[in-house]
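Kindly return the folded structure for what I paste below:
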Amino acid sequence: MMKELEHKYEVKVQKRDKAMRFDASTKQALREAGMLNEKNKFKINGVSPKMLKAMKQEYVDCPIMEREVQFVQCFACPNFQSRSNGVVLCRGDSL
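Residues are numbered from 1 along each chain as shown. Reported below is the predicted structural model:
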């Protein structure tokens with residue numbers, strides 16, 4: 001039996017027709033995490049280009065930042081626990 005991950009929030013993943021834009025600080029954080037190359041192209045080990053394209057059109061209403069953020073940004077956040085059935089488990093720690 002698996003132990004459930006400790007989390008404070010369950011955040012629903014939502015879809016958009018177009019990808020959201022990142023601000024400069026978000027791009028820098030993604031670069032430092034190794035998820036964005038010098039040409040601003042996403043590269044995440046174990047995630048196919050097709051899946052990345054779909055992830056860029058998804059967003060969550062982040063309870064920590066109190067605004068909508070692209071799912072890729074949520075995925076890179078230290079509070080990200082897991083995603084299952086369109087719901088993200090978030091630790092809820094302040095950033």
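
the strands in the chain, which residues?
For the chain, the strands defined by DSSP state E occupy 9-15, 58-62, 67-70, 80-84, 87-90.

CSV please, covering these and showing mean pLDDT.
Shown next, in CSV, are the strands of the chain (pLDDT from 0 to 100):
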stretch, mean pLDDT
strand 9-15, 96
strand 58-62, 95
strand 67-70, 92
strand 80-84, 93
strand 87-90, 96
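
Tell me which of those strands approaches Arg21 most closely.
Closest to Arg21 of the strands of the chain is strand 67-70 (CB to CB; 8.4 Å). Heads up, the C-betas are built off the backbone N, CA and C, glycines and all.

Quickly run through the sheet partners of that closest one, with directions.
When pairing is defined by DSSP bridges, strand 67-70 lines up against strand 58-62 (antiparallel).

relative orientation of the partner strand and strand 9-15 in degrees?
Orientation of strand 58-62 against strand 9-15 (axes from the mean of the first three to the mean of the last three CA atoms, to 10 degrees) gives an angle of 150 degrees.

list the helices and strands the helix or strand of the chain with the lowest mean pLDDT packs on?
Using mean pLDDT, DSSP states H and E, helix 24-32 stands out as the lowest-scoring helix or strand of the chain, at a mean of 82. The contact analysis (3 or more CB pairs under 8 Å, 6 or more residues apart in numbering; DSSP states H and E) places helix 24-32 against helix 71-76.
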